[in-house]
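Engineer: Build me a structure from this.
(chains A and B)
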Number of protein chains: 2
Amino acid sequence: MRANLRYLFNPESVAIIGASAHKGKIGYELLNNIITFGYQGKIYPVNVRASEIDSILGLEPFESLGDIPGPVDLALITIPAQYVADAMRECARKKVKACVVITSGFSETENIKGEQELVEIADSGSMILLGPNVFGVVYTPVNLNASFGPTHLLPGKIAFITQSGALGISLMDWTIAERIGLSSVVSVGNKADIDDDDLLEYFAQDTNTKAIAIYMEGIKEGRRFMDLAEKIVLQKPLIVIKSGRSQRGAKAAASHTGSLAGVDTVFTSAFKQVGILRAKTSREAFDWARIFHLEMPEGDNVVIITNGGGAGVMATDEAEENNLHLLDDYSYLEDVFKECVPPFGSTRNPIDLTGQTGEEGYKVALRAAMKEGRIHSVVVIYCEAPLTDPSRVAAFIIEEVEAQESRKPVVVAFIGGSRSQEAINMLNEHGIPTYPEPERAMDALGAFYRWVHFIEAEKKEAPPEKLSLPLKEIEPIISTARKEQRLQLLESEAKQILRLAGFDVPAFWMGSTKEECVRAAQRIGFPVVMKIVSEDIIHKTEVGGVRVGISSVDEVREAYTDIMTRARKKYPDANVRGIIVCDMVEKGVETILGMSSDPQFGPVVMFGLGGIYVEVLKDVSFRVAPLSRRDAQEMLQEIRATPLLYGVRGGEKKDIASLEEAIYRLGLLAAGIPEIAEMDINPLMVLDKQKGCKVVDARMTLQPRED
Amino acid sequence: MRANLRYLFNPESVAIIGASAHKGKIGYELLNNIITFGYQGKIYPVNVRASEIDSILGLEPFESLGDIPGPVDLALITIPAQYVADAMRECARKKVKACVVITSGFSETENIKGEQELVEIADSGSMILLGPNVFGVVYTPVNLNASFGPTHLLPGKIAFITQSGALGISLMDWTIAERIGLSSVVSVGNKADIDDDDLLEYFAQDTNTKAIAIYMEGIKEGRRFMDLAEKIVLQKPLIVIKSGRSQRGAKAAASHTGSLAGVDTVFTSAFKQVGILRAKTSREAFDWARIFHLEMPEGDNVVIITNGGGAGVMATDEAEENNLHLLDDYSYLEDVFKECVPPFGSTRNPIDLTGQTGEEGYKVALRAAMKEGRIHSVVVIYCEAPLTDPSRVAAFIIEEVEAQESRKPVVVAFIGGSRSQEAINMLNEHGIPTYPEPERAMDALGAFYRWVHFIEAEKKEAPPEKLSLPLKEIEPIISTARKEQRLQLLESEAKQILRLAGFDVPAFWMGSTKEECVRAAQRIGFPVVMKIVSEDIIHKTEVGGVRVGISSVDEVREAYTDIMTRARKKYPDANVRGIIVCDMVEKGVETILGMSSDPQFGPVVMFGLGGIYVEVLKDVSFRVAPLSRRDAQEMLQEIRATPLLYGVRGGEKKDIASLEEAIYRLGLLAAGIPEIAEMDINPLMVLDKQKGCKVVDARMTLQPRED
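Structural biologist: Below you'll find the predicted structure:
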């Protein structure tokens, strides 16, 4: 964790540089929030015209930081941009630990130099810097509201990090109305120094935080973020609202913050890979976040209790969409719930108490569900009706939940008007996640289980192996290309690297004369394939540079002449290296394994079936390298054409294990040799079970040299 | 429209049979709602013990309907189930026009006979019957709240029909809290007489209703509903929440109401086909419904005005998902908005006024957007901030919207806390659809445009043609099969029918001897295909019953012997009719055109590409027959493999027009001959442009005879 970071959240003293006595000024609102929200440390207003002012909000103002008698841990700076650097120098002299620069007008308005200056001052003073261009920081466990957002936030267990100021502040207001408790809010602004990663590290170890939600428009070092996230997710859920999902939205995000928004599918894959829960909207993020202070369920069996059949049906739809498992042992359910349900109701989960149930019906049914060990989570749905009182239903739910010995998750939805809204608030204030729509309750429970299942799978998984790449043997191949100023490796070079990395590459031999090719073919054994090798000829098939099914020495000679003639005719100036003679691979399912470099995440691995599947149907799966064995398995299952590998339409089942191994190895290779910018194994022929999968053709491109 | 239906909504007098003086009884709540909501007609409480009661809620009670002096238009019945029939007989004697049976305990509890009795009494008395098992009916234009739901509904332009009681009542409460105005609420319950179709016909002509929302779990006559919906949608939008989307949800719906829930994909296709907007949740349905009192936009250009860059990005994402067109003529936008936007904001739509904008910034920007003819719809997004007042922003928006001459749609989202909620309510009360999340605003505008675009497309479309099927020639083919007690038609019969229906079926000839086959082949011309014909052999290929590429008389003879030998060996008892000799179709893209019978919707047409595309990738599109030419076009575009028909990977573009024609014809054939239960044209070979598409193989199955 970054040194001094704790002073951002838990300072013993705070100075507000630019504190103001004028309501409506940021320097006023900030100070007012700190005082009113009940911060117990020392508070020092600083104002250049302190000598003219008696007091600001009842406190004695100081003309400069130097005038403050005691030490200052945290300085909040809200003075015009041109004075910020000087103020920070003063902070450094005062040995301030953390600066929050509220002021805007830095890199977001192209003032890159000004921002760089602030970073340098912070560095040389061993201070951390949040901002510039932020609305502040809130940490409720010590009643610190050092923001110019709303004053009276509800304390709770959710830490919220936001890249957007206006949205962040309005969401703070919203959390109050929705009774969502927060442990912290941090506005990261331009992220000149402190960024999401630093904050994640802090919240990971913060016992006052049980879930972390981030609003993010872009990310700088995707893989670093993933590595950090992966560790955190095992301890607490991480929910990310990544906007800029659409092409146009990504553009809007880029123009808004200068973030490089990145390809959205890669974000989705990357988040999934490390167990980050990606929310589509901020509402969804908080719907999820508020469920995570509950204890983890001990199993997957969910039971829904409702007084409205229709609401039950809708909740059931949503359960299936969220892969929730509704307990369906009907005779067991009947045993458990028959006492609670009238004859025209249903015990078949949803447990339908019917519209004629009174408030007490909920109490009885919930108690029954609570004491049953086979029921692991309960969803209570209430439809408001004039003849029942929502607050009484709520009171019964609270009573039963608080009385239970096991801490199984209970989530609630109340559909109705203002009386229901009051009951919803009451339930939320008692820590029972309650929503105004059954779909939202199911969706939140779904997110909870996704997180739980991720952790379970992660725990089962073997730690990632280190593939010991024979770098000493690979390096010369790359050097050769570099020396020849090529970025494109020859097929033989690419195949050589893949073989060194443990791929099954069928025998191949480069021949530069007709007789060399004959000898190569004889050594390999017929039938063989012959392909032209030239860095200048990319599309070999189009120039007639590929011949398959060659089964005799005579055919080799004929093919050699034919290929060379055609190539020279079409590309008279091409540097033809010769012809590669390869063992001919038997027919299997053609797949494509690819790798490319993403600006945010670095090497990304792609998998799909050959031909139209990738090109036309876009039926592909992505993961950021290196990937785990589970990632490789998931990639294989994610595409729609997967059944073709399992032998549909009379085909044999293919060698899935070997394909997973190949995907996994490509991830390790991609991460292990950063010099490779792109790779394509196309096709990787997947043979029948036990027969492996073979590299038929391969291409590699190196990263351009930066020098 | 059903006779007497208007008395359900606009009666001059209402009797409450089972009126009660005891608060908490349904007979009390019902009467109380009618009185309190301000109904101006005559109100007659009826109670068997009227002689013992002075007054009920200030009104004189009657012992029986017969005692009432004047006529009674509408009778609400809420007495125990066993007395309902007698009460209805009394209604008939009194010449009541419409009965609403609130009482439950009929078909929903297996009391089918009791329900049937009510229908018969209604019929013989020329009365209409709503229910049984309903919570009542509300029609706000005449202040009639004849329900036991909440009392003070907000008047508005949305009619809401609900199949679920508890959910319906709770949603009524919810509409009050959300400031959603309703023209009507109808609980349809068991639909013994009045059903959704009747109500749709009423609301279609009701000038007080601008949008119709239905909560539906099942449907009886799908095609009838579609035909009606199609007409209504041209006048007003129809929003359907069809629950039971998931398999498990469909089961829950079935057990809840006894509705046959049906295959969900067919519902989706059917709704799309006739322009019904399908909402996933009730919240979404009302989010959409409340936008439709706005005037239709004059074009597709949408502009977003916001003070939060992040909120703007999220709205942009949602715009793309909803196929909304954000105006992107940046120099034009700069001209229009440069005055409103500070230098660090953006005019590039979203128009970002930045967090530093005051309330008046919205006024200026909205006014600019309002007066520009090239801007057709405006979305205003406000993020609450402590230094601005949401209600002032709302006031400015109301002012500008009300001042505008054109009535272009303006939708609004306010993100924030209780102050924002008040402003949202204020805007909604002024008829400006306002939401607490930008995504919901975009989603509602998206639904608006989907409806507008549907109507535009529908208006452009030519009226459906009547395919004059040569029924006289088709009938004997079906009769033959019926006589032979076959449901499965022979290939030759199926092809004959398709040819009569105008499909391009290549020459074929049935031969029952070797020499007949030879003559057939000579007549057709080589190469030919030979296939065994037997109603007992379905999978012809598996028994070696198909030979392709036969190019000489000798080969015909050899193939004949071979096919017959194999078939007899495998199926010694099969009734072999002979061998069909067919012209061999050149290679094209293999597609599958299918038809099956859906229990709710009747004949449904399916289209997909042959082989793995349908079987493995489930890449198919459905429509309910008969379909329009536009449906056929849309089906073709809906599948993911569509690019294969347009000639990817070096292929020629295929004959799309002819394929559309074939899909269209199949729809007409399916609807025109209800005796056919299933059809499969597999493959329908689609040849290059101008070359048509040809029926290579076909199967048809007849409906089982009911006698």
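
Engineer: Could you count how many residues lie near A:E422?
Structural biologist: Using other CB atoms under 10 Å in any protein chain shown, A:E422 has 15 neighbouring residues. Every residue, glycine included, has its C-beta placed from N, CA and C.

Engineer: Give the helix, strand or coil label for it.
Structural biologist: Three-state assignment for A:E422 (DSSP: H, G, I helix; E, B strand; the rest coil): helix.

Engineer: burial measure for A:E63, as a count.
Structural biologist: For A:E63, the count of nearby residues is 14 (other CB under 10 Å).

Engineer: Low-confidence regions, chain A specifically.
Structural biologist: Per-residue confidence for chain A (pLDDT under 70) gives these ranges: A:251-262, A:464, A:466-467, A:649-650, A:706-707.

Engineer: one more time with 80
Structural biologist: Confidence mapping of chain A against pLDDT under 80 gives the ranges A:245-263, A:405-406, A:462-468, A:615, A:648-651, A:706-707.

Engineer: number of nearby residues for the residue of the stretch 401-550 of chain A found nearest chain B?
Structural biologist: Of the stretch 401-550 of chain A, the residue with the smallest distance to chain B, taken as CB to the nearest CB, is A:G417 at 3.3 Å. Here the number of neighbours of A:G417 (other CB under 10 Å) works out to 21.

Engineer: ok, now how distant is it from B:A213?
Structural biologist: 17 Å (CB to CB, to the nearest Å).

Engineer: who's sitting farthest from the centroid in chain A?
Structural biologist: Checked against the mean C-alpha position of chain A, the extreme residue using CA atoms, centre = their mean is A:D554, at a distance of 57.7 Å.

Engineer: what's the next secondary structure element after the helix or strand harbouring that one?
Structural biologist: For A:D554, the enclosing helix or strand under DSSP states H and E is helix A:553-570. Per DSSP H and E, helix A:553-570 leads on to strand A:576-583 as the next helix or strand towards the C-terminus.

Engineer: That following strand pairs with which strands, parallel or anti?
Structural biologist: Strand pairing for strand A:576-583, determined by DSSP bridges: strand A:508-511 (antiparallel), strand A:528-534 (antiparallel).

Engineer: Including distance to B:R6 and mean neighbour count, could those strands go into TSV?
Structural biologist: Listed next are these as TSV, based on distance: least, CB to CB, whole Å; neighbours: other CB atoms under 10 Å in any protein chain shown:
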stretch	distance to B:R6	mean neighbour count
strand A:508-511	85	20
strand A:528-534	81	23
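
Engineer: would TSV of the ones you listed with distance to B:A319 be doable?
Structural biologist: Putting the strands paired with strand A:576-583 into TSV (distance: least, CB to CB, whole Å) gives the following:
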stretch	distance to B:A319
strand A:508-511	52
strand A:528-534	48
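
Engineer: Can you tell me which of those strands is nearest to A:S20?
Structural biologist: Distance to A:S20, taken as CB to CB, is lowest for strand A:528-534 among the strands paired with strand A:576-583, at 72.3 Å.

Engineer: what ranges do the strands span in the stretch 351-500 of chain A?
Structural biologist: For the stretch 351-500 of chain A, strands defined by DSSP state E, counting those that start in this stretch occupy the ranges A:351-352, A:377-383, A:410-415, A:434-435.

Engineer: Provide the backbone phi and psi angles at A:L353.
Structural biologist: For A:L353, the backbone dihedrals (degrees, to the nearest 10) come out as phi -80, psi -10.

Engineer: which residues does it contact?
Structural biologist: Contacts of A:L353 were listed using CB atoms under 8 Å, 6 or more residues apart in numbering or on different chains, and they are A:I305, A:T306, A:N307, A:C340, A:V341, A:P342, A:G345, A:G361, A:Y362, A:A365.

Engineer: show me what contacts the last one?
Structural biologist: Put plainly, it is A:A365. Listed by CB under 8 Å, 6+ apart, the contact set of A:A365 reads A:I305, A:F337, A:C340, A:V341, A:I351, A:L353.

Engineer: Grab the nearest non-local neighbour of the fourth one.
Structural biologist: It stands for A:V341. Closest residue to A:V341 apart from its sequence neighbours, by CB to CB, 6 or more residues apart in numbering or on different chains: A:T347 at 5.2 Å.

Engineer: Could you do A:D73 as well?
Structural biologist: Taking CB to CB, 6+ apart, and ignoring the residues beside it in sequence, A:D73 has A:P11 as its nearest neighbour in space, at 3.5 Å.

Engineer: Count the neighbours of the closest residue to chain B within the stretch 301-450 of chain A for me.
Structural biologist: Residue nearest to chain B within the stretch 301-450 of chain A (CB to the nearest CB): A:G310, separated by 2.7 Å. The tally of other residues near A:G310 (other CB under 10 Å) stands at 33.

Engineer: ok, A:A413 to A:H325 distance?
Structural biologist: Applying CB to CB to A:A413 and A:H325 gives a distance of 19 Å.

Engineer: between these two, who's got more neighbours?
Structural biologist: With neighbours defined as other CB under 10 Å, A:A413 and A:H325 compare such that A:A413 has more, 27 against 15.

Engineer: Please tell me I have it right and that one contacts A:Y435.
Structural biologist: Yes. Using CB atoms under 8 Å, A:A413 is in contact with A:Y435, at 4.9 Å.

Engineer: residues shared between the contacts of these two?
Structural biologist: Applying CB under 8 Å, 6+ apart, one finds that A:A413 and A:Y435 are jointly contacted by A:A441.

Engineer: Assign the residue nearest the centre of chain A to helix, strand or coil.
Structural biologist: Averaging the C-alpha coordinates of chain A gives a centre point, and the residue nearest to it by CA atoms, centre = their mean is A:F271 (2.5 Å). A:F271 falls in the helix class when you classify it by three-state DSSP.

Engineer: Residue numbers of the stretch 601-707 of chain A in contact with chain B?
Structural biologist: Proximity of the stretch 601-707 of chain A to chain B (CB under 8 Å from any CB of the partner chain) is limited to residues A:611-612, A:615-619, A:640-641, A:643-644, A:648-649.
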